[in-house]
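Q: Prediction below, plus the sequence it came from.
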Amino acid sequence: MPHADAQRCIEHRILTQHRLIAERLAADPDKVLAHARANLRRWARKYENEDEPAWMRDWEVLLAGAVEGVVAVLVGGDQEAIRLRSCSPFAGVLSARQRWAVIRACEHEAC
């Protein structure tokens, strides 16, 4: 199943990036969480006249809670963590160089 293999590789890359984000979160939780919250606020403006998507509400709840809950989603292997990482508000926490390094590393790994 080529599609399943491709999806698994994408999820592996996203997980690897979010592990790096979790490290940043541990080092500077206030800054990283503020960045994610700002992204959510900006994205929420697109939904002013309609209901926010479930993933957005889920992230708002997570970001309002304990850091440990956020970390659990960033590095977790369960389907809920995978779903939430697919629409992560942590865009911009890693530099372009860091993201490309992950992409290159994942291209050379067997997913």
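A: Structure's in. What do you need? Numbering: from 1, shown residues only.

Q: All the helices of the chain, in order from the start?
A: Assigned by DSSP state H, the chain shows helices spanning 2-27, 29-44, 54-64, 67-75, 79-85, 96-108.

Q: Need those helices in JSON lines (columns: mean neighbour count).
A: From N, CA and C alone the C-beta is placed, and that goes for glycine too. What follows is those, written out as JSON lines (neighbours: other C-beta atoms under 10 Å):
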{"stretch": "helix 2-27", "mean neighbour count": "15"}
{"stretch": "helix 29-44", "mean neighbour count": "15"}
{"stretch": "helix 54-64", "mean neighbour count": "15"}
{"stretch": "helix 67-75", "mean neighbour count": "17"}
{"stretch": "helix 79-85", "mean neighbour count": "15"}
{"stretch": "helix 96-108", "mean neighbour count": "12"}
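
Q: okay, those helices in TSV with mean pLDDT next?
A: As requested, these are exported to TSV (pLDDT from 0 to 100):
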stretch	mean pLDDT
helix 2-27	86
helix 29-44	97
helix 54-64	96
helix 67-75	97
helix 79-85	95
helix 96-108	84
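
Q: Now do residue 64 against residue 35, distance only.
A: Using C-beta to C-beta, to the nearest Å, residue 64 is found at 15 Å from residue 35.

Q: roughly how far apart are the closest residue to residue 58 other than its chain neighbours and residue 53?
A: Nearest non-adjacent residue to residue 58, counting by C-beta to C-beta, 6 or more residues apart in numbering: residue 84, 6.1 Å away. Distance of residue 84 to residue 53, computed by C-beta to C-beta: 11 Å.

Q: I am finished for the moment; much appreciated.
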